[in-house]
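>>> No sequence on hand, only this structure:
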């Protein structure tokens, strides 16, 4: 790391008598834990002598460290310490038995109390926290940190374009909120997002913006994002300046979103792509996922395939697939004649035999190390739900995408891939049931693996890796944040 920044951090720690200690607090879902864990590793390397602790719910920690028993603290091989808070569901959340609205209510009651205990224990153990970084859906974390006199920063784990969308929607910038409400029934309606030169369609915006009833099962999410922006306003009033938002993106990827947020007073600091496999340290390969991997068989299978021949299929940790969708993907791949690696959890495929799904020349696994798979030279296309982690990984690995977004930020991510970057295509799905049919899957794979798209994927791979590399724009921004210089460096 640059010696000047390292010395500044060390001098500041010596002056206060404190070792820098970052506490990264995250919601207990795989798509939140992954970027939080990757950021923790980056912070550990960016700050010589620092401590980094990650806190997520008790139930998630038990899955990540199944052999640790009831221990209150865990340590991974990279040096990141894990200290859980309670969300009130220590035995885990069951979609069939529990209600999401009740969960969020309980989380906001139990979470602050137990996170307060985490900060107190760390202080009393001689390891006081000097900076709290928290992810989305956890606006209450800022208040807990403030009560301990600890500065905070939000870690935005979705694209900056989505943050800009929520920001302008809740503030009613240029009547954007009214335009969204007026277009609520037309997914093809064009909308002007302030600061963007070209319009987006309603279907390109986060799906939660179209929720109009408080009775909707996911109405709590829109309320949570409103509270999150309110917490940023509270920080601005407290500090007399804009709240700091670390964003898992890089400026060249989303220049319009970054610019409009800064113009409206948000100190957004692009530090991405924050992906452990981009870092050279061997410890960055630690997994500790909430889902158990299938071992190394899939890597050996990939080793036996031709370069850029394999279609990798994964719809993430939360998505569910209907029987018809499974059947259409299996038929499309069999008819394509291409080898494929398909991540399909048992709870997601019911009684379907994996051997039947592999008849077209593929391999089905329960879970895998996606970074390793996308980095493998045999992989030439990624059929994905377009979660932000998956989208960033595809860009950083230069793998073309077939996007099949379902909800939340996924439509925006697909728009970025198709319209902004040109590294893939958004698939059309059935109007009847939202299923990607076999013929469309084959068409999209053919387009995504064309020379034009592959060339753009390669170009953006280099841009992404340059931003994250030592001396790159995102790397400089993170070091400036660590050193207390919130103003981000330019590209």
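Structure's in. What do you need? All values derive from a computational prediction rather than experimental measurement.

>>> Please make it C-alpha for all contacts and neighbour counts, starting now.
Will do.

>>> Could you chop this structure up by domain?
Per automatic domain parsing, the structural domains of the chain span 3-162+205-281+467-482, 292-465.

>>> Could you dump those into a markdown table with distance to residue 171, mean pLDDT and mean neighbour count added?
Below are these laid out as a markdown table (distance: least, CA to CA, whole Å; pLDDT from 0 to 100; neighbours: other CA atoms under 10 Å):
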| stretch | distance to residue 171 | mean pLDDT | mean neighbour count |
| --- | --- | --- | --- |
| domain 3-162+205-281+467-482 | 10 | 89 | 19 |
| domain 292-465 | 19 | 91 | 19 |
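
>>> With distance to residue 168 as added columns, please give the ones you listed in TSV.
As requested, the domains of the chain are exported to TSV (distance: least, CA to CA, whole Å):
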stretch	distance to residue 168
domain 3-162+205-281+467-482	9
domain 292-465	15
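
>>> Out of these, the one nearest residue 184 is which?
domain 3-162+205-281+467-482 (5.7 Å; CA to CA).

>>> from the middle of its chain, how far away would the closest one be?
Remark: domain 3-162+205-281+467-482 is offset 11 Å from the chain centroid, using CA atoms, centre = their mean, to the nearest Å.

>>> Stretch 452-459 now?
Stretch 452-459 sits 23 Å away from the centroid of its parent chain (CA atoms, centre = their mean).

>>> what does it contact?
Outside stretch 452-459, the residues within contact range by CA atoms under 8 Å, 6 or more residues apart in numbering are 395, 398-400, 421-424, 447-448.

>>> go on, stretch 140-157?
Applying CA under 8 Å, 6+ apart, the set of residues contacting stretch 140-157 is 25, 32, 35, 108, 112, 115-116, 119, 129-136, 163, 231, 243-248, 388.

>>> Between the two ends of that stretch, how far is it?
End-to-end distance for stretch 140-157, by CA to CA, to the nearest Å: 17 Å.

>>> nearest to residue 172, of the domains of the chain?
For the domains of the chain, proximity to residue 172 was assessed by CA to CA; domain 3-162+205-281+467-482 is nearest, at 12.3 Å.

>>> and of the contacts of stretch 452-459, the nearest to residue 83?
Distance to residue 83, by CA to CA, is smallest for residue 395 among the contacts of stretch 452-459, at 32.0 Å.

>>> Would you mind confirming that the closest one makes contact with residue 461?
Yes - with contact defined as CA atoms under 8 Å, residue 395 counts as touching residue 461 (5.5 Å).

>>> List the contacts of the closest residue to residue 358 other than its chain neighbours.
Nearest-residue entry for residue 358: residue 364, 6.7 Å, with adjacent residues in sequence omitted and distances by CA to CA, 6 or more residues apart in numbering. Contact analysis of residue 364 by CA under 8 Å, 6+ apart lists 341-344, 354, 357-358.

>>> List the ones among these that fall in strands.
Assigned to strands by DSSP state E, the following of these qualify: 341-343.

>>> so which of those residues would you say is closest to residue 170?
residue 343 (36.9 Å).

>>> how close does that closest one get to residue 68?
Distance check for residue 343 against residue 68: by CA to CA, it reads 28 Å.

>>> cool, and residue 262?
44 Å.

>>> Residue 21 now?
As defined by CA to CA, residue 21 lies at a distance of 24 Å from residue 68.

>>> just residue 57 next, same as before
Shown here: residue 57 relative to residue 68, a distance of 15 Å by CA to CA.

>>> what do you get for residue 169?
From residue 169 over to residue 68 the distance is 44 Å, taken as CA to CA.

>>> and if you look at residue 366?
Distance from residue 366 to residue 68, by CA to CA: 24 Å.

>>> Now distance to residue 64 too, for the contacts of residue 364, in JSON lines please.
Below are those laid out as JSON lines (distance: CA to CA, whole Å):
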{"residue": "341", "distance to residue 64": "24"}
{"residue": "342", "distance to residue 64": "23"}
{"residue": "343", "distance to residue 64": "20"}
{"residue": "344", "distance to residue 64": "20"}
{"residue": "354", "distance to residue 64": "26"}
{"residue": "357", "distance to residue 64": "29"}
{"residue": "358", "distance to residue 64": "30"}
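
>>> what's the helix or strand harbouring residue 245 packed up against?
Using DSSP states H and E, residue 245 falls within strand 244-247. With contacts taken as 3 or more CA pairs under 8 Å, 6 or more residues apart in numbering; DSSP states H and E, strand 244-247 sits against strand 152-156, strand 267-270.

>>> now, which of the contacts of stretch 140-157 lie within helices?
32, 35, 108, 112, 115-116, 119, 163, 231, 388 (DSSP state H).

>>> Tell me the one among those nearest to residue 408.
The closest of the ones in helices among the contacts of stretch 140-157 to residue 408 turns out to be residue 388 (CA to CA; 10.3 Å).

>>> Would you mind confirming that the closest one makes contact with residue 162?
No - if you go by CA under 8 Å, residue 388 and residue 162 don't touch, sitting 10.5 Å apart.

>>> and residue 201, bridged to which residues?
Here residue 201 sits in beta bridges with residue 190, going by DSSP bridges.

>>> ok, now which ones touch residue 388?
Going by CA under 8 Å, 6+ apart, residue 388 touches 157-159, 409-410, 413.

>>> Roughly how far does it sit from residue 53?
23 Å.

>>> again, but for residue 270
22 Å.

>>> follow-up on the earlier one: the contacts of stretch 452-459 into a markdown table, with extra columns for distance to residue 371 and secondary structure?
Formatted as a markdown table, the contacts of stretch 452-459 follow (distance: CA to CA, whole Å; DSSP: H, G, I helix; E, B strand; the rest coil):
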| residue | distance to residue 371 | secondary structure |
| --- | --- | --- |
| 395 | 11 | helix |
| 398 | 12 | coil |
| 399 | 11 | coil |
| 400 | 14 | coil |
| 421 | 20 | helix |
| 422 | 21 | coil |
| 423 | 18 | coil |
| 424 | 18 | strand |
| 447 | 23 | helix |
| 448 | 20 | helix |
